[in-house]
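Colleague: give me a model of this one.
(3 chains)
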Amino acid sequence: MFFKPERGQFPPALQKALGILPVPPLGFALTRAVRRLARNRPDLFERLDTYKRSHFIIDPIDIPQVFRLIPNGEHATVEMFKRKDAPEGAARISGPLVVLLGLVDGTYDGDAVFFTRDLVIEGDTDAVLALRNTMEEADLTPAEFLGFKGRSRELVNGATDKTLDHLRRLLDAPTATS
Amino acid sequence: MLGQRNDNNPSLELVCPAGTPAALKAAAEAGAHSIYCGLRNETNARNFPGLNFSEKELNAGVRLAHKHGSHVLVAVNTFARAGDTQIWKRAVDAVAASRADAIIAADIAVLDYAKEKHPDLRLHLSVQAAAATPESISFYQDTFGVQRVVLPRVMSVEEIEKLNKEISVETEVFVFGGLCVMTEGRCALSSYATGKSPNLTGVCSPPGDVSYDEEGSNLYARLGGFTIDGFGAGETAGYPTLCKGRFKAEGETSYLFEDPVSLNAAGLLPRLKKAGVTALKIEGRQRGKAYISQVVKAFRAAVDALDEGRNAEEEVSAMLSAMTEGGRETTGAYKKIWR
Amino acid sequence: MSTIELSIGPNFFNWSNDKLVDFYARIADEAPVERVYIGEVICGKRMPFNDKVWPEIYERLANAGKAVVFSTIALPVTVRDRKSINALSADAELVEANDIAGVHKRSGQPFVGGPFLNIYNEHTAKVMMNLGMETFCPPVELPMTSVEAIAQALPDLTIELFAFGRLPLAVSGRCYHARAHKLHKDSCQFICDRDPDGMDVTTLDDQKFLAANGIQTLSHSVQAITLNRDELLTKGIDRLRLSPQDIDMIAIAETYRDLVDGKIESTEAEARLQAQKLPGALANGYVTGKPGHVWQAD
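Modeller: Residues are numbered from 1 along each chain as shown, chains lettered A, B, ... in the order given. Down below sits the predicted model:
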């Protein structure tokens, strides 16, 4: 391998390259995805209870952007900021991008990556726990979250699984928990 | 035992946790004989944010479990708050309406209400009631018709065997997961540090009162402002559960109450069966479905092997090793040397 | 009741027989309290020793006009533990049940529901009253709002508050004195006798936190409920319990006597308590539903 990655993180050159990505479209797509989820699975947002109005700052430490998630049902928003412009939130969840994605699809157990310090939690721990338990119930696959249906959902899931698995190995990320 | 019984060689009943409907489904599919869960409020002793079941989810969960041939036991096992006992009584009504197979309770108010209003509802005595002698167990049996008691995690196998000879209710024991070193239901350490405790609010060492503070290269885990443990650079951090922290006494620093270990009594199943235990309980309603699924599969294999007269210890410990990787294990009080 | 009584709670610590006899002799002669709880409530292994002096202590206190209550063990495990509960429940005139086994064996005769019983609400207290409970000393973590709700719902129940002393927080199957001294519980050498107020447990950064006493864990701080006479009466409190520590308990009892007789106000009571050689800082957080270690005056 031509570079030695820092446990699960993108190499610096790639980190820099990602810095020039246009910011708004991804946030827009993610907002739509969360709102779609709120229509299909209202039980999940009921589970979040009062924490659905919490501001979660999601910080993939190996890319130059951070996200602010307000999972308020059909009024949910996901916004993307340059790290230097990042707002404050009730809670902040930081870690390499592949680790954060692995939490969404259940590759990683939140407790396990927390205790190995691959994941850092700051602020309102109760809010983070509510979010974590809700994700656990949601059982999301990447394609489902992005709104793919039928055969295309399987194809996208298969492709993302493979890509993420490959990425995890390439980046020396922690071993999958499940 | 719930369900079929072969009196000559009754099979051990595997009782598995579910903190969410997804975990309930995972446990049922993995072969749990029974699944225990709680309502999403302060009536159960795992009252964590985002966890547990709404009444609607409970009803659906019971239907799904029954389809898989699994039973559902619902924990209403905190102590009702004075002046607000209606919340607990409503929870008992919801359990009865869900057609769940039993209710797990500790508070005498809850037991009394269940017995009066729902005489057909099977009653299990929660570990939070800390009943460990023939006298205390027969109190709950005689007064409320309790049919099973979940034993405190502070008893040895020998003591359990002796106890089973003196009582006529079923016993259920913990075999895997978190380990309470204090007698459950008799511990106010958490409320002393944070104001919240298992008996008062259904939580122990609650996450909302936890802070992790980096000081130099060390990380300190604090609960309600009290330092419970510290970790050097590169050292795996732990959750500051109060009784599993590092403290100073007699000039020495140690895990005074209990090492940060979890219980694994998989190797003791033949002895527990011989001791007359009816059911084996796996702790962990706060754990994810992937964890639940693997632990349940392993213990189901162990129970089935025992029925067939095989010893599956090696195969089961291999299945469980992934679940406790890095973490240390103990057989707890089941072996007397623990004390 | 328009007067508030005082009691001396059961001693938690491993005191020698001589120390126990001396302590209760002073209580009999000098302490302005109506009631005294005696007996071993923490460790059955200590019973063969102190069982020898309880009859003598009982006589001494009864002759001094005190109501003497036998407290039963909180966590019965051995046959000896169980037999002691059965015997006391069957024979003694006044008994405190600290485990549900004691309630059962009392079979309807009057008893005191001790702080180790899980009575958290008026419904449970009512069931207990039907079984014979006449006095109720609430679990230490129960907030005053709950105590008041129970007192209001059950006016015939005598409410006795754990008002002074290190808070009994937990019991366990494991002995922490033995563990700290690298001994096995079965051969503990009764090492807990070295700490007549419990063994201090501090955090990694030296914050005073807990105290171990054999299988029991107490607070490092010292509970001190110092509501004045009118406040106590309004809340339906009938008696205050003072838990023995290795300090001048006569001075503690005198302070509380003056407080419940309305001779002094809370601030003076606190100042007089602070002037004693206490094993830890004062605390009263549980009363208002705050963490138990908190002292509201801070």
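Colleague: now the closest residue to chain A within the stretch 1-150 of chain B, nearest residue through space, not along the chain?
Modeller: Relative to chain A, the nearest point of the stretch 1-150 of chain B is residue B:50 (3.1 Å; Cβ to the nearest Cβ). Quick note: C-beta positions are derived from backbone N, CA and C, even for glycine. Once flanking residues are discounted, residue B:50 sits nearest to residue A:133: 3.1 Å by Cβ to Cβ, 6 or more residues apart in numbering or on different chains.
Colleague: so what touches the strand or helix carrying that neighbour?
Modeller: Here residue A:133, judged by DSSP states H and E, is contained in helix A:125-138. The set of residues external to helix A:125-138 that reach it, using Cβ atoms under 8 Å, 6 or more residues apart in numbering or on different chains, is A:37, A:41, A:43-45, A:47-49, A:51, A:54, A:56, A:71, A:90-91, A:93, A:103-104, A:106, A:110, A:121, B:19-23, B:48-51, B:206-208, B:210, B:286, B:288-289.
Colleague: now do that helix: distance to the chain's middle.
Modeller: 13 Å (Cα atoms, centre = their mean, to the nearest Å).
Colleague: one step back: quick check: the residue of the stretch 1-150 of chain B closest to chain A touching residue A:51?
Modeller: Yes. Judged on Cβ atoms under 8 Å, residue B:50 makes contact with residue A:51 at a distance of 7.4 Å.
Colleague: contacts for the worst-scoring helix or strand of chain B on mean pLDDT, please.
Modeller: Here the helix or strand of chain B ranked lowest by mean pLDDT, DSSP states H and E is strand B:328-330, holding a mean of 74. With contacts defined as Cβ under 8 Å, 6+ apart, strand B:328-330 is touched by B:179, B:259, B:260, B:261, B:262, B:263, B:264, B:338.
Colleague: and residue B:183, its phi and psi?
Modeller: As for residue B:183, its main-chain torsions (degrees, to the nearest 10) stand at phi -70, psi 120.
Colleague: residues making contact with the strand or helix carrying residue A:122?
Modeller: Using DSSP H and E, residue A:122 sits within strand A:120-123. With contact meaning Cβ under 8 Å, 6+ apart, strand A:120-123 is reached by A:89, A:90, A:91, A:92, A:93, A:94, A:95, A:114, A:128, B:212.
Colleague: in chain B, which helix is the longest?
Modeller: helix B:289-307 (DSSP state H).
Colleague: tell me how far that helix lies from the chain's centre.
Modeller: Distance of helix B:289-307 from its chain centroid, counting by Cα atoms, centre = their mean, is 16 Å.
Colleague: so how far is residue B:297 from residue B:35?
Modeller: Residue B:35 sits 14 Å away from residue B:297, going by Cβ to Cβ, to the nearest Å.
Colleague: ok, residue B:173 next?
Modeller: Residue B:173 is 20 Å from residue B:297, by Cβ to Cβ.
Colleague: those two: who's more crowded?
Modeller: Neighbours per residue (other Cβ atoms under 10 Å in any protein chain shown) separate residue B:173 from residue B:297, with residue B:173 holding more: 25 against 19.
Colleague: got the phi/psi numbers for that one?
Modeller: Main-chain dihedrals, residue B:173, degrees, to the nearest 10: phi -130, psi 150.
Colleague: quick one: it from residue B:283, how far?
Modeller: From residue B:173 across to residue B:283, the span is 11 Å (Cβ to Cβ).
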